[in-house]
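Engineer: quick one, fold the following:
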Amino acid sequence: MGWGVDRYEKGREGGVPRAPISKTAPGLGQAPIAGAWDHRVNREQPMGFFSRKRTVNFLPNATDTMPVAGVSYRQPAIRGSGLGPFQLVADPSNEYDKNAVAVYQDKRQVGFVPADEAKLWSRLVKKLSKEGTDVWVYGDVRQDGSDRWILLNVPAEDQVRAWLKG
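Structural biologist: Residues are numbered from 1 along each chain as shown. As a prediction, this is how the structure comes out:
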């Protein structure tokens, strides 16, 4: 998959926005999202799928952590260490799980949302995608020797369920 950055906030390298803002995101109710990052991306794929500009929001209320599954198979794709942005993308064509949600870092797939959490997260990602919003969370790349793993900072399950009802 090719994820091409169309425009990020001016003045920063690597696509990191300059400052957090407060705004309302579709699908997350009418409450302002404190700390959301406002920038646009252009998702470019060969067939033109999702080729229009889309709103990008980091999910608020990230009070829980969730490990990324499958990172042992994708060690070369994992970049850096410490905190960074990760995109959650529904993967309904996954041969093992129709509810699979892929996790991307710097345009590279680094793993999946764990299978026992995938159904809930797939529903949220698909809902927001239909509303024109890409889903991003912060995560922490950790390392022990040559092995790396990722913990995503995510909202609590009850908060995600509330967004789905709203």
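Engineer: may I ask which helix or strand of the protein has the lowest mean pLDDT?
Structural biologist: Scoring the helices and strands of the chain by mean pLDDT, DSSP states H and E places strand 4-7 at the bottom, with a mean of 31.
Engineer: buried sites along the longest helix seen in the chain?
Structural biologist: When the chain is parsed with DSSP state H, its longest helix is helix 115-130. Within helix 115-130, the residues scored as buried using 16 or more other Cβ atoms under 10 Å are 117, 118, 120, 121, 122, 123, 124, 125, 127, 128, 129. Bear in mind the C-beta positions are built from the backbone N, C-alpha and C, glycine included.
Engineer: what's it packed up against?
Structural biologist: Where contact means 3 or more Cβ pairs under 8 Å, 6 or more residues apart in numbering; DSSP states H and E, helix 115-130 is packed against strand 82-90, strand 101-105, strand 133-144, helix 157-165.
Engineer: could you dump that helix to CSV, C-alpha only?
Structural biologist: Output of helix 115-130 as CSV, limited to C-alpha atoms (Å, rounded to 0.1, in the frame of the first residue of the first chain):
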residue,chain,number,x,y,z
ALA,A,115,-7.5,-10.5,17.1
ASP,A,116,-9.6,-10.3,20.4
GLU,A,117,-9.9,-6.5,19.9
ALA,A,118,-10.2,-6.4,16.1
LYS,A,119,-14.0,-6.5,15.8
LEU,A,120,-14.5,-3.4,18.0
TRP,A,121,-11.7,-1.5,16.3
SER,A,122,-12.7,-2.5,12.8
ARG,A,123,-16.2,-1.1,13.4
LEU,A,124,-14.7,2.2,14.6
VAL,A,125,-12.2,2.5,11.8
LYS,A,126,-14.8,1.7,9.1
LYS,A,127,-17.3,4.1,10.6
LEU,A,128,-14.8,7.0,10.7
SER,A,129,-13.4,6.1,7.3
LYS,A,130,-16.9,6.4,5.8
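Engineer: quick one: mean pLDDT for it?
Structural biologist: Helix 115-130 shows a mean pLDDT of 95.
Engineer: sounds good, over and out.
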